[in-house]
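*Asks:* Quick one: sequence and predicted model below, then my questions.
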Amino acid sequence: MPSLPAIAPFLGDTSRLISYRNFSEASAVGFLSAILFVVFSEPLKTYVDFGEKWMSLSGLPYQMNTAMLGFIVGFGFVKIFLLMRIQLFKMLLNYQGWMTNPKSMATKMWALMLNALRGNGRYPTFFFQPMLPKLPVPNLNVTLDRYLSSMKPILSDEDYMSLLTAVLEFKEKDGPVLHKFLCNRAATENNWLIEYWLKYAYLTNREPCAVKVNCYATDRKDQPTNNQLARAANMIHYVLRFHEQLQDETLTPQYLQDMIPMCMEGYRRLFSTTRIPYETLDQLVTYEESKHIIVYRNGVYYKVDVFAPDSDGKKKLLTVAELHDVLRQIFQWTDDVNEVSSIAVFTSERRDTWAKVRQRLLTTSNRPSLEAVESAIFFVSLDDVAPKSIEENGSFTMTGNGYNRWFDKSIQFSVFSNGKVGTNVEHSSMDATLPGRLWEYFLQSEKYAENGGIIPEKSKRTLSKPERLEWDLKDFEEDLDKALDHFRGLAGSFELIVTSPDYGKGFIKKKRMSPDGYIQMALQLAYYKIHNKIAKTYESASTRMFCAGRTETIRPVSEFSAQWVKSMFHERVTREQRIMLLKRAVQYQTQVKVDASLGMGWDRHLFGMFVAAREMNRPTPALFQDKSFWMHDTLSTSQTPTRYNDGWTLENCCMGGGFQAAFPEGYGVSYMIYGEDHIKFHVTSFRTNDSTSSAKMADAIVESMTEMKELLS
């Protein structure tokens, strides 16, 4: 006769999911059922006898058999009920009408069922991972048609005809084969794209992480203290608290619309992760057992254990006061330093160059120190500069001085001499929404005494002393000189301007337009003002509603947007016509954004087929050889989300972040919407490129926002 474990194969991955939750509830019901079976054993005698035979328990006392069968019935009932609930929940998550038809009766019924099944309980961080739908593969013909539509306003007639010819050929020949390859891949993988994207968009990229890959976030509006030590101790403690929540899986999963669970897989690489350089292909390595951080000051590195034994012998996180004592020691030891290490400048090199140097370092006495940095939970630099503006805060955080940023770390933090803070994130390991939630958590949680110092605590724990890391770089002096020259070129080329219009999304919503689409049209108009042409534009959309989802591309440029932008420079076009064209352009961008969020954008699909052709060893299709396919994004844009947590206020909100322009002839524009009345733009460009200027672009954005407001008023 079959035993209970015989049902395990029918549960599949869900068996692990079931064990996540309701174990205590199932056990309680099982014990209650056992008691009831014993009390009412006589009426249930037939079932007990059947159970004895089925489970081969005739050698045990009758009362024990009765209790055991009762427990199995109660426990099993709860587990089967939970399994059915999970399967129904998975089915509901595949519904996408909530984005395409949000006001329909079907969507309202779906929302009621989804909320009822999810309940109000607190779920473990990764609880919903097995239930998330797979990223779809878009329809081939739709992808190619949308690609052509997005490129037509940008290309000359001659270039467009060349692209059209390549697309039609691809649609008939290579396209169906490559598309089928991706569909087969999607059937066997949780996410058909993620491995391709990580490998070919990031890890094979030989450009340096410094400036060209990493991104940054700045401090809050109202700086709570100018005490560098107190701010650093608070930041380290609360960042580690967030890390601890991830470790024990008590961090609440994120939801779209407070209802639909989002993929949390990226959080596994938020901490203790380093992008290790290798020739041709880097690796992301996560050190899950790491218990230390690295603190840098005045050219000296310290390895700091962040856990200490409590009175019961269990190791617990250092408190703010304990961290303050540790940091004070480091300050005392580094106030007057003769020998400083410049090893971190290697992490700003091109990846192949850094890979070769690192291999040499591993064969020297530097290996233990190098491994200590790479395996750290995160990296903290106590900087000696004092940024006075958001621009300086962002620029210093992004670049440092070449010695005080370890650009390979998944996340690192800067605490400046005036108490301001910033964070620098390596982009291949995660997208900005993940560290954004962490950063908001810290900015909302930090606490200080009235004098700006830490709140006093009584601690009787014995703390281990910070361990100074030793470096011997006498055989690397020429390499260091080259790396420093390279870094100075990178940092010197980074130009950041932060600006704001005099109104926010409240006005835009009153005009019944999407704030994001409206802002994108302002960026189109601003670029046209300076360069007198339509910009190929990238905007990121999150696909985290899918398993292992990261991003898809929104292409806001359309014939509608091009017509509207040009109409703003023609006197014969009436105000009503301009408004009509603007609304059509915004509506188009909004629909493209919805499609991208649903995994139906065309960028990643084409990218996947390009990689598939390489994997299948097929000749490169003409479409992927056409110069339009490799055309640079002259506008790289992204909206930075806010309000991850309930404690968000305008005062404790980060003042935005950003990234370098993707190419020397372009701009990077990150924008954050604060409440109803504020929008902040972080505009970047290459200072070394004469054709671009962050200052001019920032002025043009504000001017465009003003003109649009006047147009609609």
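*Replies:* All right, it came through fine.
*Asks:* In the protein, where is pLDDT below threshold?
*Replies:* Within the chain, the ranges that satisfy pLDDT under 70 run 1-26, 30-31, 34, 36-66, 68-70.
*Asks:* quick one: the most centrally placed residue in it and Leu606, what's the gap?
*Replies:* Centroid-nearest residue in the chain, with C-alpha atoms, centre = their mean: Asp431, separated by 2.6 Å. Applying C-beta to C-beta, to the nearest Å, the value for Asp431 to Leu606 is 20 Å. C-beta coordinates here come from the backbone N, C-alpha and C atoms, glycine included.
*Asks:* Just the endpoints, please. Distance across stretch 553-572?
*Replies:* 35 Å (C-alpha to C-alpha, to the nearest Å).
*Asks:* so how far is stretch 440-452 off the chain centroid?
*Replies:* Relative to the chain's own centre, stretch 440-452 is displaced by 24 Å; criterion: C-alpha atoms, centre = their mean, to the nearest Å.
*Asks:* What strand or helix carries Tyr296?
*Replies:* strand 292-297 (DSSP states H and E).
*Asks:* chain center to that strand: distance?
*Replies:* Distance, centroid of strand 292-297 to centroid of chain: 24 Å (C-alpha atoms, centre = their mean).
*Asks:* who does that strand pair up with?
*Replies:* Strand 292-297 has its sheet partners listed here by DSSP bridges as strand 300-305 (antiparallel), strand 379-382 (parallel).
*Asks:* Is there a neighbour count for Glu552? I'd like the number.
*Replies:* Residues within reach of Glu552, counting by other C-beta atoms under 10 Å, total 26.
*Asks:* circling back to that earlier point, buried deepest among the strands paired with strand 292-297, which one?
*Replies:* Greatest average neighbour count among these goes to strand 379-382 (a mean of 24), per mean count of other C-beta atoms under 10 Å.
*Asks:* And the next helix or strand past that strand?
*Replies:* Downstream of strand 379-382, the first helix or strand assigned by DSSP H and E is helix 390-399.
*Asks:* Could you point out which of the strands paired with strand 292-297 sits nearest Arg328?
*Replies:* Checking those against Arg328 by C-beta to C-beta gives strand 379-382 as the closest, at 11.2 Å.
*Asks:* For the closest one, give me every contacting residue.
*Replies:* Outside strand 379-382, the residues that touch it by C-beta atoms under 8 Å, 6 or more residues apart in numbering are 228, 232, 235-236, 293-297, 327, 330-331, 373, 400, 404-406, 409, 411-415.
*Asks:* Of those residues, grab the buried ones for ChimeraX.
*Replies:* Typed into ChimeraX, the line below selects the buried ones among the contacts of strand 379-382, using 16 or more other C-beta atoms under 10 Å:
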select :228,232,235,236,293,294,295,296,297,327,330,373,400,404,405,406,409,411,412,413,414,415
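*Asks:* Take the contacts of strand 379-382 and keep only those in helices.
*Replies:* Using DSSP state H, the members of the contacts of strand 379-382 that fall in helices are 228, 232, 235-236, 327, 330-331, 373.
*Asks:* Can you redo those residues as CSV, where the extra columns are distance to Ile343?
*Replies:* Supplementary listing: these in CSV, determined by distance: C-beta to C-beta, whole Å:
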residue, distance to Ile343
Gln228, 24
Ala232, 22
Met235, 24
Ile236, 22
Leu327, 22
Ile330, 18
Phe331, 21
Val373, 9
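*Asks:* Just to check, Ile497 is in contact with Lys696?
*Replies:* No. Using C-beta atoms under 8 Å, Ile497 is not in contact with Lys696; the gap is 9.0 Å.
*Asks:* Who has more neighbours out of those two?
*Replies:* Set side by side, Ile497 and Lys696 show more neighbours around Ile497, with 20 against 17, by other C-beta under 10 Å.
*Asks:* and that one, helix, strand or coil?
*Replies:* State at Ile497, reduced to three classes by DSSP: H, G, I helix; E, B strand; the rest coil: strand.
*Asks:* Kindly report the same for Arg275.
*Replies:* With three-state DSSP as the criterion, Arg275 reads strand.
*Asks:* Ok, the one 3 residues further on next?
*Replies:* Secondary structure assignment for Tyr278 (three-state DSSP): coil.
*Asks:* residue contacts, the nearest residue to it once chain neighbours are set aside?
*Replies:* Nearest residue to Tyr278, sequence neighbours excluded (C-beta to C-beta, 6 or more residues apart in numbering): Ala355, at 5.1 Å. Contact criterion C-beta under 8 Å, 6+ apart gives 277-279, 282 as the residues in contact with Ala355.
*Asks:* Could I have the CA atoms of the strand holding Tyr296 written out in CSV?
*Replies:* Taking C-alpha atoms only, strand 292-297 is exported to CSV below (Å, rounded to 0.1, in the frame of the first residue of the first chain):
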residue,chain,number,x,y,z
HIS,A,292,31.8,41.5,7.7
ILE,A,293,31.9,44.8,5.9
ILE,A,294,34.8,46.9,4.6
VAL,A,295,35.3,50.4,5.9
TYR,A,296,37.7,52.7,4.0
ARG,A,297,39.2,56.0,5.3
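*Asks:* which residues are contacting it?
*Replies:* The contact list for strand 292-297, computed with C-beta under 8 Å, 6+ apart, reads 236, 240, 301-306, 327, 330-331, 334, 344, 372-373, 375-382, 404, 406, 466, 469.
*Asks:* do stretch 233-252 as well
*Replies:* For stretch 233-252, contacts defined as C-beta under 8 Å, 6+ apart pick out 122-126, 264, 267-268, 270-271, 293, 306, 317-321, 323-324, 327, 377-378, 380, 413, 415, 421, 438, 441-442, 445-448, 454.
*Asks:* which among those residues end up buried?
*Replies:* Listed as buried from those are 123-126, 264, 267-268, 270-271, 293, 306, 318-321, 323-324, 327, 377-378, 380, 413, 415, 421, 438, 441-442, 445-446, 448, 454; burial here means 16+ other C-beta under 10 Å.
*Asks:* Keep only those of those residues that are in helices.
*Replies:* Among those, DSSP H puts 320-321, 323-324, 327, 438, 441-442, 445 in helices.
*Asks:* Present those residues as TSV; the columns should include distance to Glu195.
*Replies:* Formatted as TSV, these follow (distance: C-beta to C-beta, whole Å):
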residue	distance to Glu195
Val320	41
Ala321	45
Leu323	38
His324	43
Leu327	40
Leu438	25
Tyr441	30
Phe442	32
Ser445	36
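*Asks:* of all the residues you listed, which two lie farthest apart?
*Replies:* Largest separation among these by C-beta to C-beta: Ala321 and Leu438, giving 22.2 Å.
*Asks:* Going by secondary structure, Asp690 is in what exactly?
*Replies:* For Asp690, there is no host helix or strand (DSSP H and E).
*Asks:* how much space between it and Asn418?
*Replies:* Counting by C-beta to C-beta - Asp690 and Asn418 are separated by 34 Å.
*Asks:* who's more crowded, those two?
*Replies:* Taking other C-beta under 10 Å, Asp690 and Asn418 do not tie; Asn418 has more neighbours (16 against 9).
*Asks:* give me every residue that touches the residue nearest to that one when sequence neighbours are not counted.
*Replies:* In space, and not counting its chain neighbours, Asn418 is closest to Ala386: 3.9 Å by C-beta to C-beta, 6+ apart. Neighbouring residues of Ala386 by C-beta under 8 Å, 6+ apart: 416-418, 420.
*Asks:* The same query, at a cut-off of 10 Å, please.
*Replies:* 226, 228, 392-393, 396, 416-420 (C-beta atoms under 10 Å, 6 or more residues apart in numbering).
*Asks:* Same question for Cys547.
*Replies:* By C-beta under 10 Å, 6+ apart, the neighbours of Cys547 are 93, 128-135, 189-191, 194, 263, 265.
*Asks:* repeat that for 6 Å
*Replies:* 132, 134, 190-191, 263 (C-beta atoms under 6 Å, 6 or more residues apart in numbering).
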